[in-house]
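>>> Below are the sequence and a predicted model for it; my questions follow.
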Amino acid sequence: MIRAFSSADLFFIISAVRWTLILSVIAFLGGAVGGMVVALARTAQGGMRRRVAAAFIQVFQGTPLLMQLFLVYFGLAVIGLPIDPLLAATVALTLHASAYLGEIWRGAIEAVPSGQTEAATALSLSYIDRMRYVVLPQAMRLATAPTVGFLVQLIKGTSLASIIGFTELTRAGQIINNATFKPFLVFGTVAALYFILCWPLSLLARRIEARMRLAVTR
């Protein structure tokens, strides 16, 4: 039965923002760990590690995130390992973020002038010390803006978790719309909340990028 849109419905949609944020934070942190492993493997001297990391990136960048969510949620259930929607969304988004952050950070590491690494090697620094004290601090400065930009995409990407039944912001909007049949009002509210979440991060990414560009020209 169709009913009127009420303040309780608005509160229900707003309260779902926390699940969007929780899923985004968990996926980003997990993706940061995985992305660093992928980036280091892609820039390592060992050919095998490079090939494995490259294959991982090609798989997760070359397939839709929606398919990855389906494979984790429904695929594991088929082989007798059913998991709840939150865990499935976390695993899929973490792997997705690992592939993209790994490639972003790989590019930043390779953008550090080779003379820096050569100088560190001349000082007899080990590989770990070269990366820790010389390469990674400079690479992270270069990677900050695209990393923040990817976080914006990741927040919006969590909306696909609604397909597997996880009640985040988009799923909450679907539930309320099915009860009230007010799509413009409901999904307009959902879109506004996504904008409130993502717009400050987009501004931050632009500001960091502009600051980095200014530092290079000086």
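Received, thanks.
>>> Under the pLDDT cut-off, which ranges of this protein? List them.
Low-confidence segments of the chain (pLDDT under 70): 213-218.
>>> Apply 90 and report the result again.
The model of the chain has pLDDT under 90 over residues 1-4, 43-49, 76-83, 109-145, 202-218.
>>> All the helices of it, in order from the start?
Under the criterion DSSP state H, the chain contains helices at 7-15, 17-42, 47-61, 65-70, 76-78, 85-111, 114-122, 127-130, 136-157, 169-180, 183-217.
>>> now for those helices, which one comes closest to Met1?
Closest to Met1 of the helices of the chain, according to C-beta to C-beta: helix 169-180, at 8.4 Å. The way it works is simple: take the backbone N, C-alpha and C, and place the C-beta from them, glycine included.
>>> Compute the inter-axis angle for the closest one and helix 136-157.
Interaxial angle, helix 169-180 versus helix 136-157 (axes from the mean of the first three to the mean of the last three C-alpha atoms, to 10 degrees): 10 degrees.
>>> what packs against helix 169-180?
helix 7-15, helix 17-42, helix 183-217 (3 or more C-beta pairs under 8 Å, 6 or more residues apart in numbering; DSSP states H and E).
>>> can you list the ones you listed in CSV and add distance to Thr63 and mean neighbour count?
Below are those laid out as CSV (distance: least, C-beta to C-beta, whole Å; neighbours: other C-beta atoms under 10 Å):
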stretch, distance to Thr63, mean neighbour count
helix 7-15, 30, 14
helix 17-42, 16, 19
helix 183-217, 24, 14
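>>> Export these as a markdown table, with columns for distance to Ala161.
Below are those laid out as a markdown table (distance: least, C-beta to C-beta, whole Å):
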| stretch | distance to Ala161 |
| --- | --- |
| helix 7-15 | 16 |
| helix 17-42 | 6 |
| helix 183-217 | 14 |
